[in-house]
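Chemist: got a predicted structure here, sequence first:
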Amino acid sequence: MKLKIHRGTGQIGGSIVEVSTERTKIVFDCGKNLPPIDDEPAEPDTIEIDGLTRGESAYDALFITHYHSDHCGLIGKVNKDIPVYAARATKAALSVIADFINGPAPQIQTFEPGQMIHVGDFRILPVGVRHSARGAMMFLAEGGGQKLLYTGDFSDFADFAHESINNIDVMVCEGTNIDASDGRTEEDVEREAARIMKRTPGYVFVLCSTTNIDRIVSIENACIKSGRTIAIDPFMKAVMDAENLGPLRTEQPVGFVPWYIDKYKHPRAHKYFEKYLPNLGKAEKIAKNDGLVFLVRHSMGKFLKNLNDFRQLKVSVLIYSMWNGYKKTKQVRDFLNECKKLGMETVDLHASGHAYKKTLKSAVSLAAPRILVPIHTENAPEFRALHENVVFLKDGEEFDISGQF
């Protein structure tokens, strides 16, 4: 078996991992780079891989760990004759996203956790992990007499307890938080969010990712504890309803329309507005409700300004519940500045969907690989504290696993 990390050895996001034997080549993930920070211009992701995104197809399958863009954002560039495999929740979320951006519907073959998939020389076992995306998977690949475990992203190692995950030759492990021993949990977020909601006289707005299902559940729990009502837009509602990614327990959440969707220009997105129309309201109507907690995105600055025309937001609070690095992007910075102009207090409250150092160490100990390979990290040298045999690869470098034993 051979391993080649096309991208991801020295960065967070944009992961593309190849494993191969003499007869079979497969890829795990095809992620986009994270958005630019500061005032750097947003540029298209120009990475091309012969046989995967251009030229005659040379790969037998692509496996997607979860539906976050930095792991699947380039799926549209992959040659159409290469089979794509993902969990049902991943396909469901990507289908909704495709409808809203008017992109091609993903052609994906689905599997269940623990279902063995045979592709050429490989046996691929998907194992469910906890991450801020419902249905996230890691993959155990057996081929050429070796075992390779690709973790994808994970926050908890509890699901590593699978009888097949033993005697691993190579573990390709994410290390987003490798330089942090410990951090805030979802339970911490829920508890603190409830406290903020109880002390705030006005509305509470939560800036978070639409696909961070764990966070949405935490915020809804905080709403229930504080006696508040959650408010969501059609995109959020569609993602939550897709394949039961994380249905809200609130039977009738308040629905709001952040902007107008033209029925004829965007028919696929508009169908969700029609579906949820009875429970939707524009700013003037929504402002008549008390005690709301809005789940918002950085593109909703204009909606907040309109809402402020009917109900002063200077006694409201914005909970910033995302990675701090996004504050350096122009879109998020502009949104935060708009909230400040409206007189709103901003509170940082976030828990990473990625494992911290002590959890990573436990995961490596449990998997007991002979070789540990870092990925999805900007601090790869920190992996030396996790294992006695760490191999640091460079993007595009081929590593012959068979030749190591």
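Modeler: Okay, I see it.
Chemist: ranges for the helices of the chain?
Modeler: 69-72, 88-101, 186-199, 213-226, 234-241, 267-276, 283-286, 301-310, 330-341, 357-367 (DSSP state H).
Chemist: what pLDDT does the model give Asp38?
Modeler: At Asp38, the model reports a pLDDT of 57.
Chemist: and for Thr21?
Modeler: What the model reports for Thr21 is a pLDDT of 96.
Chemist: contact partners for it?
Modeler: In this structure, Thr21 makes contact with 1-2, 120-122, 143-144, judged by C-beta atoms under 8 Å, 6 or more residues apart in numbering. From N, CA and C alone the C-beta is placed, and that goes for glycine too.
Chemist: any chance of the helices of the chain in TSV, plus mean neighbour count and distance to Ser321?
Modeler: Listed next are those as TSV, based on neighbours: other C-beta atoms under 10 Å; distance: least, C-beta to C-beta, whole Å:
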stretch	mean neighbour count	distance to Ser321
helix 69-72	24	18
helix 88-101	21	19
helix 186-199	17	7
helix 213-226	22	6
helix 234-241	23	14
helix 267-276	16	23
helix 283-286	16	21
helix 301-310	17	16
helix 330-341	16	12
helix 357-367	19	21
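Chemist: turn these into CSV, columns for distance to Ile319.
Modeler: Compiled in CSV, the helices of the chain are given as follows (distance: least, C-beta to C-beta, whole Å):
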stretch, distance to Ile319
helix 69-72, 23
helix 88-101, 23
helix 186-199, 6
helix 213-226, 8
helix 234-241, 15
helix 267-276, 24
helix 283-286, 18
helix 301-310, 14
helix 330-341, 11
helix 357-367, 25
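Chemist: among the contacts of Thr21, which are in strands?
Modeler: Those of those mapping onto strands are 2, 122, 143, per DSSP state E.
Chemist: what is the helix or strand bottoming out on mean pLDDT in the chain packed up against?
Modeler: For the chain, the helix or strand with the lowest mean confidence is strand 280-281, at a mean of 84 (criterion: mean pLDDT, DSSP states H and E). Under the contact definition 3 or more C-beta pairs under 8 Å, 6 or more residues apart in numbering; DSSP states H and E, strand 280-281 sits against strand 254-256.
Chemist: which neighbours in the sheet does the strand it packs on have, and how are they oriented?
Modeler: Each strand that strand 254-256 pairs with, and the sense of that pairing, follows from DSSP bridges: strand 229-232 (parallel), strand 280-281 (parallel).
Chemist: with distance to Ile75 and mean neighbour count added, can I get the ones you listed in TSV?
Modeler: Compiled in TSV, the strands paired with strand 254-256 are given as follows (distance: least, C-beta to C-beta, whole Å; neighbours: other C-beta atoms under 10 Å):
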stretch	distance to Ile75	mean neighbour count
strand 229-232	26	22
strand 280-281	31	16
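Chemist: could I get the ones you listed as TSV with distance to Leu393?
Modeler: Compiled in TSV, the strands paired with strand 254-256 are given as follows (distance: least, C-beta to C-beta, whole Å):
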stretch	distance to Leu393
strand 229-232	42
strand 280-281	50
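Chemist: His298: which of those strands is closest?
Modeler: Among the strands paired with strand 254-256, strand 229-232 comes nearest to His298, with 15.9 Å by C-beta to C-beta.
Chemist: what's in contact with the closest one?
Modeler: In contact with strand 229-232 (C-beta under 8 Å, 6+ apart) are residues 219-220, 223, 240, 248, 250, 253-256, 286, 289, 291-295.
Chemist: buried subset of those residues?
Modeler: For the contacts of strand 229-232, burial is judged from neighbour counts taken by 16 or more other C-beta atoms under 10 Å, and it is met by 219-220, 223, 240, 248, 253-256, 286, 291-295.
Chemist: widest-spaced pair of those?
Modeler: Across these (C-beta to C-beta), the longest gap, 20.6 Å, separates Met240 and Gly291.
Chemist: any low-confidence regions in this protein?
Modeler: With pLDDT under 70 as the threshold, the chain has low-confidence stretches at 36-43, 158-163, 243, 247, 250-251, 277-278.
Chemist: rerun that using 80 as the cut-off
Modeler: Under the criterion pLDDT under 80, the flagged ranges of the chain are 35-44, 157-164, 243-252, 276-279, 405.
Chemist: my read: Ile196 touches Leu349, true?
Modeler: Yes. Ile196 is within contact range of Leu349, at 7.3 Å (criterion: C-beta atoms under 8 Å).
Chemist: shared neighbours, these two?
Modeler: Shared contacts of Ile196 and Leu349 (C-beta under 8 Å, 6+ apart): Ile319.
Chemist: hang on, isn't Thr200 packed against Val315?
Modeler: Yes. Shown here, Thr200 and Val315 form a contact pair, counting by C-beta under 8 Å, at 7.4 Å.
Chemist: if I look at Leu140, how far off is Lys147?
Modeler: Leu140 sits at a distance of 7 Å from Lys147 (criterion: C-beta to C-beta, to the nearest Å).
Chemist: so the two - more neighbours on which side?
Modeler: Each of Leu140 and Lys147 has its neighbours counted (other C-beta atoms under 10 Å); Lys147 has more, 24 against 20.
Chemist: any idea how far that one is from Arg370?
Modeler: In terms of C-beta to C-beta, Lys147 sits 9 Å off from Arg370.
Chemist: same check, this time on Asp309
Modeler: When C-beta to C-beta is the yardstick, Asp309 and Arg370 sit 63 Å from each other.
Chemist: now list whatever residues contact both of Leu140 and Lys147.
Modeler: Taking C-beta under 8 Å, 6+ apart as the criterion, Leu140 and Lys147 both touch Ile168.
Chemist: middle-most residue in the chain, spatially?
Modeler: His68 (3.3 Å; C-alpha atoms, centre = their mean).
Chemist: which non-adjacent residue is nearest it?
Modeler: Once flanking residues are discounted, His68 sits nearest to Ala133: 5.5 Å by C-beta to C-beta, 6 or more residues apart in numbering.
Chemist: same question, Arg311
Modeler: Nearest-residue entry for Arg311: Ala287, 4.0 Å, with adjacent residues in sequence omitted and distances by C-beta to C-beta, 6+ apart.
Chemist: hang on, that neighbour packs against Leu313?
Modeler: No. Contact criterion C-beta under 8 Å: Ala287 and Leu313 do not qualify, at 9.8 Å.
Chemist: so what sits against both of these two?
Modeler: Leu307.
Chemist: neighbour-wise, which of Thr200 and Val315 wins?
Modeler: Thr200 (19 against 13).
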